[in-house]
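Peer 1: Generate a structure from the sequence data that follows.
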Amino acid sequence: MIKKMKAFLKNQKGLTLVELLAVIVILGIIAAIAVPSIGKIIDKSKEDAQLANARQIVDATRLALSTNDAIITDGIVTIQELITQGYLEDAPKDPKKEGTTYNATKSKVSVKNDITTGKKVYTLTLMPATGNTPYINEKASPDFE
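Peer 2: Numbering: from 1, shown residues only. Predicted coordinates:
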């Protein structure tokens, strides 16, 4: 019995310090590659969410125009006007600043008729809750994407 115990104690297997360090280095390399990739994925999803919000606002403006031209008297409609008239339930949430919505009174869609094509051209200005730099300020033609 004592011989078996001595043999058992001598026959211990485990990781050496070098093997353990090699595993840690490999995990560090994997983390160094994965963390920036995940950050890019998160940023891209925020941009996609913002584009979806822009699309929703332009679609609400199109609906407002098709049912009631009186809402857009000067060629400009704000998010607040769309909410008041029932075309939007709420101001969309701002994906870049969690817990906030876009500025409903400064964010607007201007609508103009394009003389060459005869179609309406929508220009969206999407403002954050605080600050004066717009997130999106671009034409949203009928094929807005």
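Peer 1: So what's the residue count around residue 108?
Peer 2: Neighbourhood size, residue 108 [other CB atoms under 10 Å]: 22. All C-beta atoms are positioned from the backbone trio N, CA, C, and that covers glycine.
Peer 1: tell me the contacts of the residue lying closest to it once chain neighbours are set aside?
Peer 2: Leaving out its chain neighbours, the residue that sits closest to residue 108 by CB to CB, 6 or more residues apart in numbering is residue 78, at 4.7 Å. The contact partners of residue 78, by CB atoms under 8 Å, 6 or more residues apart in numbering, come to 104, 105, 106, 107, 108.
Peer 1: Please name the bridge partners of the last one.
Peer 2: As for beta bridges, residue 108 partners with residue 78, residue 125 under DSSP bridges.
Peer 1: Now that it has come up, it's in contact with residue 75, right?
Peer 2: No: between residue 108 and residue 75 there is no contact under CB atoms under 8 Å: 10.0 Å.
Peer 1: Residue 90: how many residues sit nearby?
Peer 2: Neighbours of residue 90 (other CB under 10 Å): 9.
Peer 1: Just the pLDDT for it.
Peer 2: With respect to pLDDT, residue 90 scores 87.
Peer 1: So it, which state does it fall into?
Peer 2: Counting by DSSP: H, G, I helix; E, B strand; the rest coil, the backbone at residue 90 sits in coil.
Peer 1: Distance check, it against residue 30.
Peer 2: To residue 30, residue 90 is 42 Å away according to CB to CB, to the nearest Å.
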